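Student: Following is a predicted model, sequence given first.
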Amino acid sequence: MLWRKRHDFDTESLSLDKDGNIIELGLVGSKLEDIDARYIGLLKFSKSGLKQIETIMEEAYRNFGDRPWQQSGKPVRKAYMTDLLQAVIESGKKVKAECFHNGWLEFDTNEDYEKACRWMEDGSIRKFIQFF
């Protein structure tokens with residue numbers, strides 16, 4: 001997997017139940033063997049899901065303000081999406097994972113892009129992405 005190959009990878013938890021629902025997300029420093037999948041940041045919400053998120057966020061702002069909230073330890077205003085999704089899970093709502101297995105690339109830095117270009121040139125990108 002690409003994120004195992006990256007020299008500066010982060011290991012955040014992502015645990016799935018037998019029905020493909022995310023049951024834990026965003027605990028930094030998790031062991032690779034304990035991670036079921038990798039969260040890549042693509043999201044889709046229903047109208048009712050967005051209403052639930054509004055309620056969760058209103059409550060988080062009211063109860064936490066500028067204090068640390070959720071796994072990242074950041075204030076609500078600067079929290080990560082994984083913090084929000086974990087809060088949704090903790091509220092008892094289902095967060096369904098959509099799994100795919102053809103690979104993906106993440107570009108957080110210029111160096112990530114440059115690595116991907118080198119992998120394209122030497123063909124090693126096929127270790128990470130299955131082309132059709």
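Tutor: That came through fine.
Student: Could you pull out the buried residues of stretch 125-132?
Tutor: Across stretch 125-132, burial judged by 16 or more other CB atoms under 10 Å covers 125, 128. (Glycine included, C-beta is placed from N, CA and C.)
Student: Distance check, I40 against P68.
Tutor: 25 Å (CB to CB, to the nearest Å).
Student: what sits against W119?
Tutor: Contact partners of W119, counting by CB atoms under 8 Å, 6 or more residues apart in numbering, are 125, 127-128.
Student: average pLDDT for the one helix or strand R118 maps to?
Tutor: Per DSSP states H and E, R118 falls inside helix 110-122. Here helix 110-122 scores 92 as its mean pLDDT.
Student: cool, and stretch 32-42?
Tutor: Mean predicted lDDT for stretch 32-42 stands at 80.
Student: ends of it, how far apart?
Tutor: Here the two ends of stretch 32-42 are set 21 Å apart, with distance taken as CA to CA, to the nearest Å.
Student: now swap in stretch 15-24 and tell me
Tutor: Its start and end residues considered, stretch 15-24 measures 5 Å (CA to CA).
Student: What are the buried residues along it?
Tutor: 15-16, 22-24.
Student: now, the most widely separated pair of the residues you listed?
Tutor: L16 and E24 (9.0 Å; CB to CB).
Student: domain ranges for the chain?
Tutor: Structurally, the chain divides into domains by automatic domain parsing as follows: 2-98, 100-132.
Student: Buried deepest among those, which one?
Tutor: domain 2-98 (a mean of 14; mean count of other CB atoms under 10 Å).
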